[in-house]
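K.L.:
sequence below, structure please.
(chains A, B, C and D, ligands or ions: 4)
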Amino acid sequence: GGSGSGGSASGGTGGSGEGGDATPRSGGKLRAAFAGGGAGETLDPHLTNLFADAARAKALFDKLAEFGSDMSAQPRLAERWEPNDALDRWTITLRDALWHDGKPVTAADVLYSYRRIADPGQAFRAKAALEPIDLQASEAPDDRTVVFQLKRPYADFPNVMAAFGAYIVQDSAADFTEPVGCGPFRFVSFTPGESLLVSRFDDYWEGAPHLDELEFVIADEESARINALLGGQVEYAHELNPATARAHETGGRIQIIRLANSAMQGFVLKTDRAPFDDKRVREAFFLIADRQELIDGALSGAGEIGNDLFGKGYQYYADAIPQREQDLDRARALLREAGHDPDNGTGLTVTLDTSPVATGFVEAAEIFKTQAAQAGVTVEVKVGNAETYWSDTLDGGMFSCTRSGTMPIESHISQRLLTDSPTNATQWRHADFDDLYQQAQATRDETERAALYERMQRRLHAEGGFLIWGFADWILGAANSVRGIAGDAPANTLDWARFDRVWLAEG
Amino acid sequence: MKPRAAARRTGRGQAVLGAALLTVPLLLALAGPWLAGEPGPRGVSFTLGDGHWLGTDFTGRDVWRQVLLGGRSVLLTALAATVLAYLAALPIGLAAALTHRTWLEEALLRPLDVVLAVPSLLLLLMTAALFTPGAAGLALIVAAVNVPDTVRIVRAGATEAAGRPAVEAMRLQGESWWRMAIGYVGRSMLRTLAADAGVRLTGALYLIATAAFLGVGVAPDAADWAVMVDHNRTGLFIQPWAVVVPALLIVALTTGTNLLADAALSARRGGPAAPGRTVTS
Amino acid sequence: MSDRRAWLVRRLSVGVLQIAGVLALVFLLTEALPGDAAVALAGDHPDPERIARIRETMNLDEPAAERLAQWAAGLLTGDLGTSLVSGRPVTGYLTAGLGPTLVLAALTMALLVPVAVGLGVLAARREGGRTDRLISTATLAVYAVPEFALGVLLVVVFALQLGRLPPTAVGHGSDPLAEPAVLVLPVLVLLARPVCSISRLVRAGMIDALAAPYSAQARRYGVPAGRVRWAHALPNALAPAAQQLARTLDWLLGGVIVVETLFVIQGLGTILMDAVAARDIPVIQGLAVVFGTLTVLLNLGADLVARHFAPRTGAAA
Amino acid sequence: MNRETIPPAARIDRLRVEVAGRALVDGVSLTALPGRCTALIGPSGSGKSTTGLALLGEYPDGAAVSGTVRVTGGRAAYIPQSPAAALNPARRAGALLGDIARQRHGSGPRRRADRAAAVRQALRAAQLPDPELVLRRHPHQLSGGQQQRAVLAQALLSGAPVVVADEPTTGQDPDTKRRVTAELRTVLDRGIALVLLSHDLEVVRELADEVVALRDGRVAEAGPAGRVLPAVHSLWTAAPLAPSPVPAMAAPPPVTAASAAGGPTASGTAASAPAGPAGPAGPAGPGAEPDGDVVLEAAGLTAWHGGGKRRPGRAGTVTLREVALTVRPGECLALIGASGSGKTTLARCLAGLHRRWSGRLLLDGQPLPPSLRDRTRGQLAAVQYVFQDARASFDEYRPVREQVARTAVRLRGAAPDAALDEAGALLTTLGLDAATAARTPAGLSGGELQRAALARALLARPRVLLCDEITSGLDPANRQAIRTLLTGLTTGTATTPPTALVLITHDLPLAAGLAHRTAVVAHGRLALPHPTHP
Ligand SMILES: Nc1ncnc2c1ncn2[C@@H]1O[C@H](COP(=O)(O)OP(=O)(O)OP(=O)(O)O)[C@@H](O)[C@H]1O
Ligand SMILES: Nc1ncnc2c1ncn2[C@@H]1O[C@H](COP(=O)(O)OP(=O)(O)OP(=O)(O)O)[C@@H](O)[C@H]1O
Ligand SMILES: [Mg+2]
Ligand SMILES: [Mg+2]
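P.N.:
Ligands and ions are numbered 1, 2, ... in the order given. Alright, predicted model coming up:
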């Protein structure tokens, strides 16, 4: 069954520091430092792009659903959802929630929000995610009920409601300079690129937050965030370097929280062009990677190795597939079979695109270069432009560094691995694979669906275009007085940046 | 007599200090690549011990090996860039100082001012986007970025000397422009030029590192002291050596060069002989 | 002197051309940069369809020349346009960034001039002597330390170990004067390199000037050594340093990205970086107007100083 | 007199200054008594300036010094031989004066008026009648003589017990010279000890109580003025000390006729301002007038400083008005006139060194570009100028001979080696031996540099030679040698055509001896009297 119920997923599990012992204390102001988007920032939740945007949107707004720590959709403003048998018509029952101005959250707000996102004249990021919904045919039978008509069966439809940026705003809201949301905090003041101050919303549907006030401050430079934290200027610092984490983990001045499994790290091999159109070459590359060395070198040890599959530990992850290990002999043999033999002068040379666009990219490229050299492959590292890297490597080049934030395995497949996926960087286009996906979406039974997902993943593991060597920790720092930070919620999931659950201990 | 001798002695002190500072980075830069040997296995990034006596760098490489390898490019590229910048800026600046033709002066200087007004970051990004230069190209770019600045300094320093009667006398002799400009005007501002070139060398070093980070010129994984300083900064607190050692070498290199230049200049003190002063008893 | 007035008028009118040149150059540069605002906005989700749509909403599908012409037409009426990213007016960006930048620049300059000139003069007092060697070595060494390393060092010592100063200006980034203590460390970092470069130039000029016969003549008449240095030798040593000073001020006013990010100050540098990263052309162009004007004026100032202290230039053959 | 009872203000005892194994002065002793003038005389290069500087405790670079120098009462005031160098190019001429006044009159703002008054007083005493003008000007805006007096004012202002005056009257017109001498007399009367270094026996005779005559760095004669001077005088005027001054390029003088003066000045007002100096205004030169075509002709020449490029405008200071002049080959035109009247400006206009002037300039009837930058090599060589301030016109980093030789290389296309030889030969003729000429300018005396500057211009084989005070720093013998040389130039030889000479000088006897015509420059106008035929 696809019906979710209750808000059981809420509340921090792991907890922070010595947390958990005391009962939450009310009051106080928490300042949280994030990397930001400069003077161009807005509070329009549909324009959410960065972590800072997401955290701010989360404080001010809510979605119908949100991803739990295993990337399964958890109900939020939607109290319940129920598909029809064909899985193409979903009935959503809204929770009893209030806007900050006291009005109730209604079905009309939901339809307005989704229609705003899907507006063809706009370019909101969540638009692609909402594509399966036929918003013309969708309706609001009453204030608390929304019926979504889909264009095709979609068993994992709740993922759409939890999609990045799919926030619910008030009906006909267009100006977000002083936004009215329905999230746990209400707007107080905002200086783009510098700070957002919000205060407790006592009527929040999930119970009022503990903090009186919450301030998001922007500090783009990692060292500025850690220095501000160490200097007592902020109580929470998002996104620290592994090296910084190691330096302060044992010091006791601050708490370091590692959100494991937050970012997939890998390489993209374009399966439609030489030399990677030969699956032997792809497999050889999978075998070249010394994953632990990549984790140690590129991530400074902060992460765990990957098995060329996205979503380790998530719902539907195929953990029955054995972990791939480095095997240079076999890699060389495969390459020779494919006609690349360095001994007779036909050695393989590939260009690896990388860019300082994400931490660890340049390092990973450089490490892989030396690993490949051991298998007789020459890798030429090309450092690209950070701003255009993703767009450049979507169709260009043959071999590039990649990473991905959290999303359900379903989204990973639908966005990146189907013939008509918008960002199919590996150029993986196989009708039979597409069929498997459609089959899964038309399957109501969860175990059956899991089996289909496993078939897809086996195929990808054997001959796909993603060389996924690891999953990076997302590292947070917090003052010792901060309690209630979930320690096991990957970035962008429900319990990540949940400041309504956080409180400040005395002292 | 006495003060002269004393000045000479202190000048020698400066030379000794400069030479001492210069020896270590110079030796490492020249002999390093031969001593480096084959790369060992990678370690965890930013760790100490485990056979890496200066620890590992941001990708787990041995810092000592990187230090041995990283001097040559620093020396060559930065020096080449500085020299090139001067080769271009000196004639332009001197021509502007020596000419009487307003249009020529304006034509030489104003376009350069335009370049000055464009943030260098933009210039660098631009070159990063349009070219994929090698080390030589990088030296050229860094030199080019430095030219407008240098021209202005040269001109400012040359203006006074260019108006001296000695220059008039040379003109009256039909003296060649080069001898007038370089041989006399340039010569009389030698100290200023040396001071400027000295700090410019350091600037060039780090500009090259920044460029490397943006993907211009030096490969991002190349061993280069300035690049090391830039890239290993995240590990400053757990593995300071990866930053401190190359930074110290750069400090020693540039400080040593400048001190030696100072000493050389004070040894053959230029200018009209200032009468030495002795105490009238 | 009418001579000088004519010169000034000429330079200012050339200056207008120069600013136009800067704008054209910057526009060409940003156009030549790979990608545009749409690509930058799409980030790691480069859905081509979405990029095309963003491009449409930003009017980026119009020819570049047309956009520049529109923008320039607006400029003539004092309208700098609106940001592609946020839709807010560019003037707002500039005024927001100019405040902190001006504060930093003014403070730095106020300290820089006396410190750099003072050190330069002090070092030149006895060339090769102990003071000279100390100052030369120290300034050169500081100069060779990268800004970020110096910043981190100062933060660790003064903010984190001693707890005397705030480590960053977080939360006060757009109005640092509200909490002046946050400015101490940034200004120190900003001072480090210019102090070295300018004091070296002053020193070089001073050594020559102190050795010149006119300084000897002043000394012969018992003019106190300090006055010989400051009133007689220094004016002859200032021209190159003034150029360097103008460059430094230019750099300070153009935004000092390392210090701004390290200490979280929302100056023009941060705005420029963000605008370049976002390919927000109207904002970049607006900044170019500011930078162009500043550079023209600063160069003019430095050249005035050079003219003033080399009065013979106008007369010599 | 009671010289035993008065303690000496300054005393040099057996001074020996040696550079690179050569003694510049050797065993020189002198005493300066309060209120008395001790004159140091001697031919150019004999060590006067070296001795004078020793009183200030200053020696050439790398000099080995023995002997004792004692100056009681602290400092000595110093009037350097080359005043331009002692004036700060970046400051107005009043800058140092203000500081000296501060030493004496206190530095507080309340003493400002006192200081200003003292400065003005000193400037007036130094025969600068318009102090404001001097105070507001930069050194390069003063004429040579004005610079000299500005430096003199410093000494007068300082109140030092000892004044070392190195050629304080060079570059002054006879009238000013007399007044400066008188002023020095009052200085003596105030009880100040004066050490006078001079070639000008007139001034020495006027002021000196004691005379030390140097020769080759040694004391040739010393004693009371009355005893030493007559001997020295006869010695100097009778036989030249320098080797026979017959330049390789000039033959003995067959005298040609002097030409008539160029047309009257365009404005016609020139003659109305003959406020020239006292003294013989333009006696005819020796011999007949030279004939032949005019080599150089200037007409309607108006020159100014500052102001616009084409017109003086309001800001410009006009120094020459509507000047017209012509010179013919073999003719010598002497320009005399008060210091600051515009003589140097005129010569610089002709040489293409002055920027701001209007008018017409013709060489051989062809227009000559106003700026030397636009002149061809031939034109450059044709019109040569010998700078008034010889020291400033040399590159301080290169040996003098090398610099002199460059003229031949650049303007006559001589081979570098040949040019060096030629320069060496000419310099030797002028009394500068090879060792001297091989030094950089800092190693040469004032008079030596003056001769080197002349040599530099001569190597161009100019058709018009503009000489600006080229004998001001020379002793009678050397002056005589130069005179002979110049006479030879105007006559020419079989190989070299006669040269036209424009001689700017305050040395009226020299002008009288050489010039065919003498013109007086006064307030920017040229009064060109008709030649008087003997
Ligand atoms: N740059 C200048 N600006 C203004 N006035 C100037 C400038 N240069 C020279 N003068 C003035 O022009 C006048 C003529 O100067 P010039 O040097 O030609 O005099 P001179 O006749 O050669 O005098 P001297 O015999 O003292 O050398 C002087 O009064 C001088 O003060
Ligand atoms: N630094 C030096 N090294 C070597 N010789 C020098 C140096 N300075 C001066 N001389 C020589 O010493 C001699 C004396 O010079 P000084 O300047 O004392 O002469 P002077 O009597 O003042 O001559 P003048 O009348 O020409 O000024 C000259 O022959 C000169 O060439
Ligand atoms: Mg002398
Ligand atoms: Mg004169």
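
K.L.:
what pLDDT is listed against the spatially closest residue to A:Asp156 that is not a sequence neighbour?
P.N.:
Counting by Cβ to Cβ, 6 or more residues apart in numbering or on different chains, A:Asp156 lies nearest to A:Glu410, which is 4.4 Å off, once chain neighbours are set aside. Backbone N, C-alpha and C define where each C-beta goes, glycine included. With respect to pLDDT, A:Glu410 has a value of 91.

K.L.:
and residue 73, how many neighbours does it have?
P.N.:
The chain I'm using is chain A. By other Cβ atoms under 10 Å in any protein chain shown, the residues close to A:Ala73 number 27.

K.L.:
my bad, chain D
P.N.:
The tally of other residues near D:Gly73 (other Cβ under 10 Å) stands at 13.

K.L.:
show me what contacts the residue nearest to it when sequence neighbours are not counted?
P.N.:
For D:Gly73, the nearest residue in space outside its immediate sequence neighbours is D:Pro161; the separation is 4.1 Å by Cβ to Cβ, 6+ apart. When contacts are counted by Cβ atoms under 8 Å, 6 or more residues apart in numbering or on different chains, D:Pro161 touches D:9, D:34, D:72-74, D:76, D:191-193.

K.L.:
assess the claim that B:Arg187 and D:Tyr397 are in contact.
P.N.:
Yes: if you go by Cβ atoms under 8 Å, B:Arg187 and D:Tyr397 touch, sitting 5.5 Å apart.

K.L.:
tell me how far the residue nearest the centre of chain C lies from C:Met109.
P.N.:
The centroid of chain C falls nearest to C:Trp251 when counting by Cα atoms, centre = their mean (1.7 Å). Relative to C:Met109, C:Trp251 is positioned 11 Å away (criterion: Cβ to Cβ, to the nearest Å).

K.L.:
likewise A:Thr443?
P.N.:
Separation of A:Thr443 from C:Met109 (Cβ to Cβ) stands at 70 Å.

K.L.:
same question, D:Leu474
P.N.:
Between D:Leu474 and C:Met109 the distance, using Cβ to Cβ, works out to 54 Å.

K.L.:
look at the two and report which has more neighbours.
P.N.:
Relative neighbour count places D:Leu474 above the other of D:Leu474 and C:Met109, with 24 against 18, counting by other Cβ under 10 Å.

K.L.:
local confidence estimate at that one?
P.N.:
Residue-level confidence at D:Leu474 comes out at 86, pLDDT.

K.L.:
name the SS class of it, please.
P.N.:
Assigned by DSSP: H, G, I helix; E, B strand; the rest coil, the conformation of D:Leu474 is coil.

K.L.:
tell me the contacts of it?
P.N.:
D:Leu474 makes contacts with D:44, D:199, D:447, D:450-451, D:482, as judged by Cβ under 8 Å, 6+ apart.

K.L.:
separation between whatever residue of the stretch 51-200 of chain B ends up closest to chain A and chain C?
P.N.:
Closest residue of the stretch 51-200 of chain B to chain A, Cβ to the nearest Cβ: B:Gly60 (3.9 Å). From B:Gly60 over to chain C the distance is 22 Å, taken as Cβ to the nearest Cβ, to the nearest Å.

K.L.:
for A:Gly121, same thing?
P.N.:
7 Å.

K.L.:
and what about A:Ala425, helix, strand or coil?
P.N.:
Under three-state DSSP, the three-state class of A:Ala425 is coil.

K.L.:
any stretches of the chain with poor pLDDT?
P.N.:
Went with chain A since none was named. When residues are selected by pLDDT under 70, those of chain A lie in A:1-22, A:507.

K.L.:
not quite, go with chain D.
P.N.:
Using pLDDT under 70, the flagged stretches of chain D are D:1-5, D:74, D:233-291, D:528-534.

K.L.:
before we move on, which element is the residue of the stretch 51-200 of chain B closest to chain A in?
P.N.:
Under the criterion of DSSP states H and E, B:Gly60 resides outside all helices and strands.

K.L.:
excluding chain neighbours, what is closest to C:Val305?
P.N.:
Spatial nearest neighbour of C:Val305, excluding adjacent residues (Cβ to Cβ, 6+ apart): C:Ala242 at 4.0 Å.

K.L.:
how is chain C carved up into domains?
P.N.:
Split into domains by automatic domain parsing, chain C comes to C:3-76, C:90-309.

K.L.:
in TSV, list these along with mean pLDDT.
P.N.:
Formatted as TSV, the domains of chain C follow (pLDDT from 0 to 100):
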stretch	mean pLDDT
domain C:3-76	85
domain C:90-309	87
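
K.L.:
most tightly packed of the ones you listed?
P.N.:
Burial among those, expressed as mean neighbours by mean count of other Cβ atoms under 10 Å in any protein chain shown, is greatest for domain C:90-309, which shows a mean of 22.

K.L.:
wasn't D:Arg110 part of a strand?
P.N.:
No: using three-state DSSP, the assignment for D:Arg110 is helix, not a strand.

K.L.:
quick one: secondary structure of the nearest residue to D:Ala122 once chain neighbours are set aside?
P.N.:
Closest residue in space to D:Ala122, ignoring its immediate chain neighbours: D:Leu157 at 3.8 Å, by Cβ to Cβ, 6+ apart. With three-state DSSP as the basis, D:Leu157 sits in helix.

K.L.:
how long is stretch D:216-228 from one end to the other?
P.N.:
The separation between the terminal residues of stretch D:216-228, taken as Cα to Cα, to the nearest Å, is 17 Å.

K.L.:
quick one: residues contacting the residue of chain D at minimum distance from ligand 1.
P.N.:
Per Cβ to the nearest ligand atom, D:Gly145 is where chain D lies closest to ligand 1, at 2.6 Å. If you count contacts by Cβ under 8 Å, 6+ apart, D:Gly145 has them with D:171-173, D:176, D:339-340, D:506.

K.L.:
okay, which residue is most central for the chain?
P.N.:
You didn't pick a chain, so chain A it is. The structure's chain A has its C-alpha centroid closest to A:Thr406; by Cα atoms, centre = their mean the separation is 2.5 Å.

K.L.:
wait, I meant chain D there
P.N.:
Among the residues of chain D, the one closest to the centroid is D:Ser472, at 4.0 Å (Cα atoms, centre = their mean).

K.L.:
enumerate every residue touching it.
P.N.:
D:167, D:170-171, D:450, D:505-507.

K.L.:
which pair of those residues spans the longest distance?
P.N.:
Greatest spatial distance in the contacts of D:Ser472: D:Glu167 and D:Thr505, 15.1 Å, computed using Cβ to Cβ.

K.L.:
write out the residues of the stretch 101-250 of chain C neighbouring chain A.
P.N.:
The stretch 101-250 of chain C has residues C:148, C:152, C:155, C:159-160, C:163, C:166-168, C:170-171, C:173-174 near chain A, with proximity defined as Cβ under 8 Å from any Cβ of the partner chain.

K.L.:
any idea which of those is the one closest to ligand 3?
P.N.:
Nearest to ligand 3 among these is C:Phe148, at 59.4 Å by Cβ to the ion.

K.L.:
now the closest one. Nearest residue, chain neighbours left out?
P.N.:
Excluding its sequence neighbours, the residue lying closest to C:Phe148 (Cβ to Cβ, 6+ apart) is C:Val258, at 5.5 Å.
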